[in-house]
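Novice: sequence-free structure coming up:
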C-alpha cells in the first residue's frame, strides 16, 4: 500500500507544484469567465449508442466546441469527473476500462475523484488506470490503515489562465460496505466533512480563486439519505459558509435540477437547469453513463463567483465531419471495440419473456431475473436455496436471443459463486439481517427456494422448498462471493466452517445455465 500511495503522489506532482505561491488577481474590470464541465458515473460507456450519440468521441466533439467558444471570450474551461468510471458495460469490463481512461486522457480531463466502483478490482489495476489516465485521481478521505496516511492524492490546484482552481476529492464511506472486503482490507474511509475541513486548511496557502469539492457521495434531496451514507447536501450544510464554492457530485445518478422546493421532473425539456444551493454552495450532478455533459458558466469578479447559467447538455454526434482530434479518438476506441465484439455477440440461447433487472424494479421487489440467477447458482452448487443482493444485478434481458454481452450487462462484477452449509437456526439468524434491508438500496435481497413471514422485524414460518424449516437440520445456501465476504452489510460467511468458494464466475454460471435451458 505504501507503493500505491507514493505512485499516486509521483504521478500527481505536476499538478501539486502549483500549490505554492500567491493567488493572481484579475486585471479584467469585468471579471473572469469560468466554465466548469463535468461528468459522473461514466460506468464504461465509452462507445456510442445505437443512434450514434453519446460515447467519448461525441463527448470530445462537444467539449472541443465549448472550449473554442469560451476561449473566444477569453474565458477558462475546467473539465472534471466525479467518479465511477469503472464497471457497467461488457466492452469496458473485458478491457479493464482501458478505453475509458485513455479516452478521457485524450479529451483532456483535469482531475477526477475516486468512486466506489474504482475499487471493484485489485488496487494494482487502479494503479495501471492512473497511468492510462495521466490526470490525478483524488480522494481526501481514504486512509491507509497501516501507515495512517492518506492513500491517494487529496487535492490539486489547477493553474488555468488567470485563475487558480482548488479541487479536492471525496469518496463515499459506503464503499467499505458495498465493496470487497479483501480489496479494501487496508483502506479506511473517513467522514467527508472533517476531511474536507482538513484539506481546506492545507490548501489555504495556495490562495485558490475558486474551490471545488469533487464528490462521489451522492445527492439526496434535502439531505434525506435513508440507508445510504450522507451525501452532498449534508456536506454543504456542515461546512463553513463560503469555504467551498461548488460541489460537483456523483454516485446517486441524479440530474440535480430543482423546481422550487422539489426536484424538477421536467428538467430534460428545458434549456437550462436550476441546481441546488445549500449554505451558499452550489451542488451539481449530471445523471450517469455519459448521457449528459454538465456545463456551469460563472463570472468571478472582486472575489465573488456568480453563476450565469447551468445546463445539462445531451451528448449527441457532431454535425459534419469530425475534427482531427475527435477522429483520432474515435479510431482508437473503434480498434478497441473490435477486440471484444466477436466474444460478445454470439448467441447463447433465447428467452420468451423479459427478465426484469432494471434498477428501480430489482431493488424494490422480487423479480424473475433474481430468481433465474439464483436458480443457476443453486444448480451449480447443489444448494437448497439461494440469495443475492440486488445491487449486483445491473440490467434486464429483453425477450429474444441472448448474447454474452447481455449476460455481462446483468452481472459485470466478476464475483465468484460460493455456498455455505447452515443449520436451520443459523438460517433464521441470517435472514433476520438480510431480508430487512431497505428497499431501493442495492442491499435489498433477492431470494429463491425459501419463504417466510415477517413479524415485528423478525422472520417466522420459514419454508425451504415447500417444507417447514427444521432448526437442527443442515441446509446449503448459494450466494455470490461479494455477499459471502460481507458486502452490502450481509453477515460474513467466508470464514464459516461450511463455506465453499467454487471459483466459478457468476456471469459464466448464468451464461451456461441459459445455454443449457434453451429455449428458456
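Specialist: Structure's in. What do you need? Quick caveat, the model's predicted, so the values are computed rather than measured.
Novice: and the next element down the chain from the longest helix seen in the chain?
Specialist: Assignment by DSSP state H gives helix 324-345 as the longest helix of the chain. Downstream of helix 324-345, the next assigned helix or strand under DSSP states H and E is strand 347-351.
Novice: Roughly how far does the residue nearest the centre of the chain sit from residue 198?
Specialist: In the chain, the centroid-proximal residue (C-alpha atoms, centre = their mean) is residue 84; its distance is 3.3 Å. Using C-beta to C-beta, to the nearest Å, one gets 24 Å for the distance from residue 84 to residue 198. C-beta coordinates here come from the backbone N, C-alpha and C atoms, glycine included.
Novice: if we can go back for a sec, skipping its backbone neighbours, what lies nearest the residue nearest to the centre of the chain in space?
Specialist: residue 115 (3.4 Å; C-beta to C-beta, 6 or more residues apart in numbering).
Novice: My read is that that neighbour contacts residue 81, right?
Specialist: No: contact criterion C-beta atoms under 8 Å: residue 115 and residue 81 do not qualify, at 9.0 Å.
Novice: can you list residues touching both of those two?
Specialist: Common contacts of residue 115 and residue 81 (C-beta atoms under 8 Å, 6 or more residues apart in numbering): 40, 250.
Novice: gap between residue 164 and residue 405?
Specialist: 45 Å.
Novice: Counting neighbours, go ahead and name the busier of these two.
Specialist: residue 164 (21 against 18; other C-beta atoms under 10 Å).
Novice: three-state assignment of that one?
Specialist: Using DSSP: H, G, I helix; E, B strand; the rest coil, the structure places residue 164 in strand.
Novice: For it, list each beta-bridge partner.
Specialist: residue 159 (DSSP bridges).
Novice: Isn't it up against residue 203?
Specialist: No: at 9.9 Å, residue 164 does not count as touching residue 203 under the criterion of C-beta under 8 Å.
Novice: what do those two both touch?
Specialist: residue 157.
Novice: What residues of stretch 74-92 count as buried?
Specialist: Neighbour counts over stretch 74-92 (16 or more other C-beta atoms under 10 Å) mark 75-92 as buried.
Novice: Also stretch 230-238?
Specialist: 230-236, 238.
Novice: now what about it, what contacts it?
Specialist: By C-beta under 8 Å, 6+ apart, stretch 230-238 touches 170, 172, 192-193, 196, 213, 215, 217-223, 225, 244, 247, 249, 251-252, 276, 278-279, 281, 283, 285.
Novice: can we see that at 6 Å?
Specialist: Contact partners of stretch 230-238, identified using C-beta atoms under 6 Å, 6 or more residues apart in numbering, comprise 192-193, 215, 217-220, 223, 225, 247, 249, 278-279, 281, 283.
Novice: Show me which of those residues is closest to residue 372.
Specialist: Here the nearest of those to residue 372, counting by C-beta to C-beta, is residue 218; it sits at 29.5 Å.
Novice: Next, count neighbours for the closest one.
Specialist: Residue 218 - counted by other C-beta under 10 Å - has 22 other residues nearby.
Novice: Worst mean pLDDT across the helices and strands of this protein, which element?
Specialist: helix 2-16 (a mean of 36; mean pLDDT, DSSP states H and E).
Novice: Give the next helix or strand downstream of it.
Specialist: Counting by DSSP H and E, what follows helix 2-16 is strand 32-39.
Novice: packing partners for that following strand?
Specialist: Contacts defined by 3 or more C-beta pairs under 6 Å, 6 or more residues apart in numbering; DSSP states H and E place strand 32-39 against strand 76-81, strand 292-301.
Novice: excluding its backbone neighbours, what's nearest residue 31?
Specialist: In space, residue 31 is closest to residue 301, 2.9 Å off (C-beta to C-beta, 6+ apart).
Novice: Any idea what the one you found is bridged to?
Specialist: Residue 301 has the following beta-bridge partners by DSSP bridges: residue 304.
Novice: Residue 264 and residue 276: what is the separation?
Specialist: Taking C-beta to C-beta, one finds residue 264 at 11 Å from residue 276.
Novice: tell me, what's touching these two both at once?
Specialist: In contact with both residue 264 and residue 276: residue 258, using C-beta under 6 Å, 6+ apart.
Novice: Who has more neighbours out of those two?
Specialist: Ranked by neighbour count (other C-beta under 10 Å), residue 264 and residue 276 place residue 276 first, with 22 against 16.
Novice: thought that one was touching residue 254?
Specialist: No: Residue 276 is beyond contact range of residue 254, at 9.8 Å (criterion: C-beta atoms under 6 Å).
Novice: Show me how this structure divides into domains.
Specialist: 2-338, 346-516 (automatic domain parsing).
Novice: in the longest helix of the chain, what's buried?
Specialist: Buried residues in helix 324-345 (16+ other C-beta under 10 Å): 326, 329-330, 332-333, 336-337, 340, 344.
Novice: now stretch 258-274
Specialist: 258, 263-264, 267, 273.
Novice: model confidence over it, on average?
Specialist: When pLDDT is averaged over stretch 258-274, the result is 94.
Novice: Would you reformat the buried residues of stretch 258-274 as JSON lines and include secondary structure?
Specialist: As requested, these are exported to JSON lines (three-state DSSP):
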{"residue": "258", "secondary structure": "strand"}
{"residue": "263", "secondary structure": "strand"}
{"residue": "264", "secondary structure": "coil"}
{"residue": "267", "secondary structure": "helix"}
{"residue": "273", "secondary structure": "coil"}
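Novice: Looking at these, which one is closest to residue 138?
Specialist: For the buried residues of stretch 258-274, the nearest to residue 138 is residue 273 (25.0 Å; C-beta to C-beta).
Novice: Over to the spatially closest residue to that closest one that is not a sequence neighbour: give its phi and psi.
Specialist: Nearest residue to residue 273 in three dimensions, chain neighbours excluded: residue 257, at 3.9 Å (C-beta to C-beta, 6+ apart). Dihedral pair for residue 257: phi -130, psi 130, per degrees, to the nearest 10.
Novice: I'd say residue 257 and residue 271 touch.
Specialist: No: look at residue 257 against residue 271 with C-beta under 6 Å: they stay out of range, at 11.6 Å.
Novice: Could you double-check that residue 115 sits in contact with residue 82?
Specialist: No: Residue 115 lies out of contact with residue 82 (C-beta under 6 Å); the separation is 7.4 Å.
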